[in-house]
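**Q** just coords:
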């Protein structure tokens, strides 16, 4: 996801792996029904959601009714609003 053409040294991470790891952690803590809430306009959010979904599908816990994607632009305020 990082543009190395700028000549900057950076540390990045995989959004896909981050979503998958988050779901795996919650499942390992005994959580049964996990929801994913995100913004469709943010590619990073979509990748995290894909990883989250994959982990839930592998565990047999995926419920499409618990995946909420809004067409609005991603922001901290929107995250709080959607959580409520």
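**A** Good, I have the coordinates. Everything numeric in this text was worked out from a predicted model, so none of it was measured.
**Q** ok, residue 54 - contacts?
**A** Residue 54 makes contact with 16, 19-20, according to Cβ atoms under 8 Å, 6 or more residues apart in numbering. C-beta coordinates here come from the backbone N, C-alpha and C atoms, glycine included.
**Q** what's the average pLDDT for stretch 69-81?
**A** Confidence for stretch 69-81, expressed as mean pLDDT, is 85.
**Q** ends of that stretch, what's the gap?
**A** Here the two ends of stretch 69-81 are set 13 Å apart, with distance taken as Cα to Cα, to the nearest Å.
**Q** in the protein, which helix is the longest?
**A** In the chain, assigned by DSSP state H, the helix with the most residues is helix 43-58.
**Q** how far does it sit from the chain's center?
**A** 5 Å (Cα atoms, centre = their mean, to the nearest Å).
**Q** what sits up against the helix or strand of the chain with the lowest mean pLDDT?
**A** Every helix and strand of the chain was ranked by mean pLDDT, DSSP states H and E. The lowest is helix 76-83, at a mean of 83. Contact with helix 76-83 is made by 37, 39, 68, 70, 72, as judged by Cβ under 8 Å, 6+ apart.
**Q** buried residues in stretch 43-52, which are they?
**A** Neighbour counts over stretch 43-52 (16 or more other Cβ atoms under 10 Å) mark 45-49, 51-52 as buried.
**Q** adding pLDDT and distance to residue 77, write these out as a markdown table.
**A** Shown next, in a markdown table, are the buried residues of stretch 43-52 (pLDDT from 0 to 100; distance: Cβ to Cβ, whole Å):
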| residue | pLDDT | distance to residue 77 |
| --- | --- | --- |
| 45 | 90 | 15 |
| 46 | 93 | 19 |
| 47 | 96 | 22 |
| 48 | 96 | 18 |
| 49 | 96 | 19 |
| 51 | 98 | 24 |
| 52 | 98 | 22 |
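**Q** now these as a markdown table including distance to residue 30?
**A** As requested, the buried residues of stretch 43-52 are arranged in a markdown table below (distance: Cβ to Cβ, whole Å):
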| residue | distance to residue 30 |
| --- | --- |
| 45 | 26 |
| 46 | 28 |
| 47 | 26 |
| 48 | 22 |
| 49 | 22 |
| 51 | 20 |
| 52 | 17 |
